[in-house]
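> Okay, predicted coordinates and the sequence, questions at the end:
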Amino acid sequence: MHDHAPHDPLPAGAAPHPLILRLETEFHWPRLQSASDVAEFLGRPGAHCLFIPGDPRRNLETADAAVILPELRLAFQNAFDCAVVDDAIEAHLRETHRALKTPGLLFFRETRFLAAIEKMRDWSDYLARISHILQLNPV
């Protein structure tokens, strides 16, 4: 099942999915809640991955992506840093970068958008796509 439509934000007081929360608590990835948060995060040197989870209540792939992304980062020897995109700005980022399906990984080099990987993929597909993405030199 894929999350194509805008999703309902979590009800007030609802806790985020535990595997997404783990990215923040165990791996200390920031949660980007505003355009200024995104600008600050992408303003750092290097490659970046923004994790757009989608609605974990409707899309079972979201939890899988939350588990595999830290493993991908390790496989690439921390060649990119990661952040979790908050519901408040998710739709805007998806539309801006034409990455409409979730879960989504948006890759940047500093503030320049490189590419997106939408939906869950096989491990070998992730490795091939991310290898290619990290070699891109945007103008």
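The structure has been received and is ready for your questions. Because the structure is a prediction, the values reported are computed rather than measured.

> mind checking which helix or strand the residue nearest the centre of the chain is in?
The residue at the geometric middle of the chain, judged as the C-alpha nearest the mean C-alpha position with CA atoms, centre = their mean, is residue 51 (1.0 Å). Here residue 51 is covered by strand 47-52, with elements defined by DSSP states H and E.

> That strand pairs with which strands?
Paired with strand 47-52 in the same sheet, following DSSP bridges, are strand 80-85 (parallel), strand 104-109 (antiparallel).

> So for the first one, what gets flagged as buried?
Put plainly, it is strand 80-85. When burial is assessed from 16 or more other CB atoms under 10 Å, strand 80-85 yields the following buried residues: 80, 82, 83, 84, 85. All C-beta atoms are positioned from the backbone trio N, CA, C, and that covers glycine.

> Pick out whichever of those residues sits closest to residue 17.
Comparing those against residue 17 with CB to CB picks out residue 84 as the nearest, at 10.5 Å.
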